[in-house]
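Peer 1: Next input, structure requested:
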Amino acid sequence: MNTRLLCIALLCLSARSAQAQESSLFRMQADAAGQPAMVFQEVARDDRTSTVELRYPSGSVLGKSMFMLRAGCSLMKERGMPGFTIEALSRQPLRLLIRFASAEEAREHGGQPLREGGLVSAAHCEAITAAVARAHGP
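Peer 2: Alright, predicted model coming up:
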């Protein structure tokens, strides 16, 4: 009987720690008409990378791309990093590897035009945020 209670207690503790670990992972959601339109969910992280899943039941290709870029910028800012690159890991589900740049890499490559596979710097993210704010008006 004591062994059974100990096992149940250990299962509860492990479930609670897994839940706590999951809740500390980054999540960004865009809603349309009260329904989740796109979700950017971090599923794993280490010191230099984050693995994310992107779910997008609706929206244009441009809208999805901008959402992914804005979410990457928000994740970078939350983690206190100066820049990042995005690498596709799988298509179903759509998994991406966000690799964070060092301060030196961000200085070296951050001034270059934004291109696919290139480094997205904090300066790029600020420009994107300002453009979105201008587009949506006061």
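Peer 1: which residues in this protein form strands?
Peer 2: All strands of the chain, identified by DSSP state E, fall at 27-32, 35-45, 49-55, 83-91, 94-100, 120-121.
Peer 1: chain center to the fifth one, what's the gap?
Peer 2: For strand 94-100, the distance from its own C-alpha centre to the chain's C-alpha centre is 8 Å (CA atoms, centre = their mean, to the nearest Å).
Peer 1: pLDDT wise, what is Ala122 at?
Peer 2: We have a pLDDT of 91 for Ala122.
Peer 1: Would you check that my belief about it contacting Ala103 is correct?
Peer 2: No: between Ala122 and Ala103 there is no contact under CB atoms under 8 Å: 10.2 Å. In short, each C-beta sits where N, CA and C put it, glycine included.
Peer 1: Out of the strands of the chain, which is the most enclosed?
Peer 2: strand 120-121 (a mean of 24; mean count of other CB atoms under 10 Å).
Peer 1: what does stretch 121-132 rub up against?
Peer 2: 66, 69-70, 73, 76-77, 82-83, 101, 106, 109-111, 114 (CB atoms under 8 Å, 6 or more residues apart in numbering).
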